[in-house]
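Colleague: Could you look at this predicted model? Sequence included:
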Amino acid sequence: MNWLDKFERRFGFLAIRGLPRILVGFAALVFGLTWLLPGFTSMLMLDPVRIRHGEVWRLITYIFIPQATSPLWVLFALWFLWWVGEGLERAWGSFRLTLYFLVGMIGTTVAAFFFGSNFSNSMLLMSLFLAFAHFYPEEIIYILFILPVRIKWLAWIAGAFLLFGFFTNSNSYRAALVAALANYLIFFGPEFIYRARHRHEVSSRRKRYEDQARSETEPLHKCAVCGATELSDPNLDFRVASDGEEYCVAHLPSAQTANRR
């Protein structure tokens with residue numbers, strides 16, 4: 001039983017059932033209010049300074065801010081969030097999805113407070129997508145409703161951009177990126193390490209087997225004259241002559257000398 005099983009047995013009652021639907025519903029509500037009241041999202045953003053001054057609701061409300069302004073793109077983003085969230089809830093169950101999302105929120109908050117990150121909820125949503133790609137790598141999504149692309153390739157592209165940003169930006173950005181994606185690292189890091197170790201062990205066992213198989217096909221004895229070995233003729237006897245070479249009995253230098261006499 002891993003640590004997630006132990007957590008679920010003890011704190012399973014804290015699971016938020018239907019979390020994806022809740023996220024989508026509040027995000028739709030926020031978009032509607034923003035449409036009616038321009039600038040409304042400024043009251044919801046993850047702003048450490050304002051949080052320190054008592055606006056603690058920002059610790060939660062930022063997760064509902066849509067990342068797009070066009071109604072069409074918002075509809076697509078909400079559908080995508082629903083699809084990803086429902087898939088994760090099927091694969092994990094309500095408790096693990098809740099815990100994953102909570103750890104992501106904590107990481108994003110740490111990134112904002114200690115590293116000045118302005119990721120908002122983008123990295124939190126990215127962590128959901130990466131987790132979905134882990135469980136459903138062969139799922140297909142149609143880009144612009146035309147081009148079919150497997151989820152795993154989108155995840156690889158997203159990962160490449162994140163890795164590029166990690167190596168090209170400042171140390172504070174790197175630290176913020178790790179903090180914001182802490183949930184993905186915590187949940188899937190041990191599995192990646194286990195897989196790497198397993199591949200190394202399999203590779204080592206295969207190499208040992210190949211070396212052993214190769215050694216079994218190599219002869220221990222070989223006549224310096226005729227090239228016969230114990231593999232080519234199991235009945236042969238071999239001797240080492242005074243010159244240091246190994247011969248079968250028929251080709252020992254002493255035998256050849258006796259025959260000439």
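Modeller: Sure thing, it's come through.
Colleague: any chance you could map the strands in the protein?
Modeller: Here the chain has its strands, by DSSP state E, at 140-143, 147-150, 238-240, 246-248.
Colleague: can I get those strands in TSV with mean neighbour count?
Modeller: To be clear about C-beta, it is placed using only N, CA and C from the backbone, and glycine gets the same treatment. Formatted as TSV, the strands of the chain follow (neighbours: other CB atoms under 10 Å):
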stretch	mean neighbour count
strand 140-143	10
strand 147-150	11
strand 238-240	16
strand 246-248	21
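Colleague: Would you mind listing where this structure has pLDDT under the threshold?
Modeller: Scanning the chain with the threshold set as pLDDT under 70 gives 1, 209-218, 254-261.
Colleague: Near Gly32, how many other residues are there?
Modeller: By other CB atoms under 10 Å, the residues close to Gly32 number 13.
Colleague: OK, contacts around it?
Modeller: Not one residue lies near Gly32 by CB atoms under 8 Å, 6 or more residues apart in numbering.
Colleague: so how far is Pro66 from it?
Modeller: Using CB to CB, to the nearest Å, we find Gly32 at a distance of 10 Å from Pro66.
Colleague: Report the contact partners of Trp73.
Modeller: Per CB under 8 Å, 6+ apart, neighbours of Trp73: none.
Colleague: let me redo that: Phe166
Modeller: By CB under 8 Å, 6+ apart, the residues touching Phe166 are 173-174, 177.
Colleague: Kindly recompute the last result at 6 Å.
Modeller: By CB atoms under 6 Å, 6 or more residues apart in numbering, the contact set of Phe166 is 174, 177.
Colleague: Give me the nearest residue to Phe129, chain neighbours excluded.
Modeller: Nearest residue to Phe129, sequence neighbours excluded (CB to CB, 6 or more residues apart in numbering): Val84, at 5.9 Å.
Colleague: ok, that neighbour to Ala133 distance?
Modeller: Going from Val84 to Ala133 by CB to CB gives 9 Å.
Colleague: now swap in Gly244 and tell me
Modeller: Gly244 is 65 Å from Ala133, by CB to CB.
Colleague: Could you check which of the two is surrounded by more residues?
Modeller: Ala133 (22 against 7).
Colleague: how far away is the more buried one from Arg199?
Modeller: Here Ala133 is placed at a distance of 20 Å from Arg199 (CB to CB).
Colleague: likewise Leu14?
Modeller: 36 Å.
Colleague: in the stretch 1-150 of the chain, which spans are helices?
Modeller: For the stretch 1-150 of the chain, the helices defined by DSSP state H, counting those that start in this stretch occupy 3-11, 19-36, 48-52, 58-61, 71-92, 94-115, 122-135.
Colleague: Give me the angle between the fifth one and helix 19-36.
Modeller: Pointing back at helix 71-92 there. On the basis of axes from the mean of the first three to the mean of the last three CA atoms, to 10 degrees, helix 71-92 is oriented at 160 degrees to helix 19-36.
Colleague: Tell me the buried residues in helix 71-92?
Modeller: For helix 71-92, burial by neighbour count (16 or more other CB atoms under 10 Å) applies to 74, 77-78, 80-89, 92.
Colleague: do the third one as well
Modeller: For helix 48-52, burial by neighbour count (16+ other CB under 10 Å) applies to Ile51.
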